[in-house]
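[1] next comes the sequence, and after it the predicted model I'd like to discuss.
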Amino acid sequence: MKTPNNYKIAGIIPARYASSRFPGKPLAMIGSRTMIRRVFEQASKALEHVYVATDDERIYKAVTDFGGKAIMTSPDHMSGTDRCSEAADKIMENTGSAVDIVINIQGDEPFIRPEQIRLLADCFDSEEVELATLIRKVDTGEDIFNPNQPKVIVNISGDAIYFSRSVIPFIRDAEKAVWAEKHTYFKHIGLYAYRTETLKKITKLQRSTLELAESLEQNRWIENGFKIRTAITKWESIGIDTPEDLEKARLILEEFDKNC
């Protein structure tokens, strides 16, 4: 895929085997396919260049066996962003071709929509955008107080001001039960894109106080002066963090395949 400005985009899917809550998660079966294969195939509907970045030979082999592209990376990375940065370097070295924009696609979201990836890529139609992510309007009745679902506030240009596990903004002089009726809240959808030169810069930053407080790495970028453009998606993300989540995913698989 090329943007109107003819940038080359690479979709990179970080995938680790060692997970404390769900070891071997990328190779878990959802229907007739592994989770990582489902993510790869969904991403490939939106992008021409898609790679799995892994530190495990089993995942590498599983991807290449079904015809996907995989890159071996260091086991020492602290985040998917760091893994994407190494993978981008290796892709450019192996292909001899520049990668202008990297889209970091979560390896545990087998139901990601190609439309979401395209929406994120479209953010880079603007030359000023260096980082981008997706957000979703919270529907009436949703639990905005769940700390496992980060919220975000944005400015009038659509750039993120701050990400928090708390509810932001705080609505003064109103009961919490009606906050979602008083203000439009946004939930963060954990899909990121970066210009490659920006990706190199942010991976060199030291962990910041706001990142450590919230355990949200994107706050490190904001705290260091980087702007994160947001785009609004109507689709919820469905991440698989535990074996229990996997069972839920299997239940919705048939309906998802029917609609996609």
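    Thanks, I have the structure now.

[2] touching, Ala62 and Met29? I think so.
    No. Look at Ala62 against Met29 with CB atoms under 8 Å: they stay out of range, at 11.0 Å. Heads up, the C-betas are built off the backbone N, CA and C, glycines and all.

[3] ok, those two, which is more surrounded?
    A count of neighbours by other CB atoms under 10 Å puts Ala62 above the other of Ala62 and Met29, at 20 against 12.

[4] contacts made by the helix or strand harbouring that one with the rest, please.
    Using DSSP states H and E, Ala62 sits within helix 57-65. Contacts to helix 57-65, defined as CB atoms under 8 Å, 6 or more residues apart in numbering, come from residues 15, 17, 24, 26-27, 34, 36-37, 40, 52, 54, 69-70, 72.

[5] paired strands for the helix or strand following that helix, with orientation please.
    Using DSSP H and E, the helix or strand that follows helix 57-65 in sequence is strand 70-72. Strand 70-72 has the following strand partners under DSSP bridges: strand 50-54 (parallel).

[6] what pLDDT, on average, does the strand it pairs with get?
    Taken as a whole, strand 50-54 carries a mean pLDDT of 98.

[7] coming back round to it: buried members of the contacts of helix 57-65 into ChimeraX, please.
    What follows is the ChimeraX syntax for the buried subset of the contacts of helix 57-65, where burial is set by 16 or more other CB atoms under 10 Å:
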select :15,17,26,27,34,36,37,40,52,54,69,70,72
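
[8] tell me which of the contacts of helix 57-65 is nearest to Ala98?
    Minimum separation from Ala98 among these (CB to CB) is found for Lys69, which lies at 17.0 Å.

[9] list the residues that contact the nearest residue to the closest one once chain neighbours are set aside.
    Nearest-residue entry for Lys69: Tyr51, 4.7 Å, with adjacent residues in sequence omitted and distances by CB to CB, 6 or more residues apart in numbering. Contacts of Tyr51 were listed using CB under 8 Å, 6+ apart, and they are 10-13, 69-71, 87, 91.

[10] repeat that for Leu131.
    Applying CB under 8 Å, 6+ apart, the residues contacting Leu131 are 192-195, 198, 202, 221, 226-229.

[11] out of the residues you listed, list just those in strands.
    The strands in this structure, assigned by DSSP state E, contain 192-195, 228-229 from the contacts of Leu131.
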